[in-house]
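> quick one, fold the following:
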Amino acid sequence: MTTNLIYFAWVRERIGRSHETRDIPDDILTAGDLITWLASQGEEYANAFSNPDAVRVAVDQTHADHGQAIAGAKEIAFFPPVTGG
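Predicted structure coming up:
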């Protein structure tokens, strides 16, 4: 499955890019699986995803939890929790 991955804020800074298109292996079924797989793709990814619970996910522009299935997703975005005042 080929998917557009988008990175925001410190996730982007740690990976060193704002987006990329990746071929996701067929055994990666959920957003959490994807985070684990990405963390194994190099030092910059390991650094960005070292604390998976601190990373939020959106699948096709809809907020999702790490258990969300990603089959058929065109876009998956990763970002830190958003706070406001």
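
> hey, what's the spatially most central residue of the chain bridged with?
In the chain, the C-alpha nearest the mean C-alpha coordinate belongs to residue 78, at 4.2 Å (C-alpha atoms, centre = their mean). When bridges are called by DSSP bridges, residue 78 pairs up with residue 7, residue 57.

> so what's it up against?
Residues near residue 78 by C-beta atoms under 8 Å, 6 or more residues apart in numbering: 5-8, 11, 35, 48, 55-57. Any C-beta I mention is one placed from the backbone N, CA and C, and that applies to glycine too.

> count the residues that sit near residue 48.
The tally of other residues near residue 48 (other C-beta atoms under 10 Å) stands at 23.

> what do you get for the one 4 residues further on?
Other residues near residue 52 come to 15 when the count uses other C-beta under 10 Å.

> distance check, the residue nearest to the centre of the chain against residue 23.
To residue 23, residue 78 is 17 Å away according to C-beta to C-beta, to the nearest Å.

> now swap in residue 12 and tell me
21 Å.

> neighbour count: these two, which is higher?
residue 12 (16 against 8).

> all strands for the chain, in order.
2-7, 19-23, 56-59, 62-64, 75-79 (DSSP state E).

> can you redo those as a markdown table with distance to residue 39?
Formatted as a markdown table, the strands of the chain follow (distance: least, C-beta to C-beta, whole Å):
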| stretch | distance to residue 39 |
| --- | --- |
| strand 2-7 | 13 |
| strand 19-23 | 13 |
| strand 56-59 | 14 |
| strand 62-64 | 18 |
| strand 75-79 | 11 |
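
> how about the ones you listed in CSV, adding distance to residue 40 and mean pLDDT?
Output for the strands of the chain, formatted as CSV (distance: least, C-beta to C-beta, whole Å; pLDDT from 0 to 100):
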stretch, distance to residue 40, mean pLDDT
strand 2-7, 15, 97
strand 19-23, 13, 98
strand 56-59, 17, 97
strand 62-64, 21, 96
strand 75-79, 15, 97
